[in-house]
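**Q** Have a look at this prediction, sequence included:
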Amino acid sequence: MTDLDIVDRCVIALLQVDGRLSHAEIARRLGVPEPTVRRRMKRLLDDEVMQVVAVPNPRRIGYGIHAIVGARVRPGKAGDVVSALAPMRQVRYIGVTAGANDIVIEALFRDNDDFRIFLTETLGRIEGLLGTETSYVLDVAKRSYKIGLAADIQHACETPADEEVLARCRTALSELEE
């Protein structure tokens, strides 16, 4: 785990609201030098703490079917099943879980034929897969990529200077979210 200070957390929180913010804009909003932001972002990216990507709305780009598939797997075969699923273009998330299912898959499909083939043929070829339970997502009520940091950010303050950065960060977040 990478240790994150208040500046790191604020950089991430701001980018979660607007991934297009420049180093200069983040530095201005936080009241820190631009080279500091540039170095911090490089480290956060290099250490795989974050990534900055465009996230399209699946329905707007032709993926009208969204499904959640719970899978039961033969004991000792979860890794093999995950390895078989990971390269599939339809699969956007795989979680190894505890509970009724051993693996949870989130997948997107262009149409019913694509969906049907995945469920009846593609999954059926995976050795070690015992069974699935599929949920068809009718509507996405919330899609957020703001993970924890904005809410938990005050816990990173250790000095009065940190408190000042946090205050500027909260102001910037409020302005960006309007």
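**A** Looks like it came in fine.

**Q** Distance-wise, check the closest residue to Arg29 other than its chain neighbours relative to Ala161.
**A** Excluding the flanking residues, the one nearest Arg29 by C-beta to C-beta, 6 or more residues apart in numbering is Ala172, at 3.9 Å. To be clear about C-beta, it is placed using only N, CA and C from the backbone, and glycine gets the same treatment. Distance, Ala172 to Ala161, using C-beta to C-beta, to the nearest Å: 17 Å.

**Q** Looking at these two, which is more packed in?
**A** Counting neighbours by other C-beta atoms under 10 Å for Ala172 and for Ala161 shows that Ala172 has the greater number, 22 against 13.

**Q** tell me which residues of the helix or strand hosting that one are tucked away?
**A** Assigning secondary structure by DSSP states H and E places Ala172 in helix 160-177. Neighbour-count burial for helix 160-177 flags 162, 165-166, 168-169, 172-173 (criterion: 16 or more other C-beta atoms under 10 Å).

**Q** So which residues of this structure form strands?
**A** 65-73, 91-96, 103-109, 129-137 (DSSP state E).

**Q** hey, which of those is tucked in deepest?
**A** Among those, strand 103-109 has the highest mean neighbour count (mean count of other C-beta atoms under 10 Å), at a mean of 20.

**Q** Before I go, just wanted to say thanks for your time.
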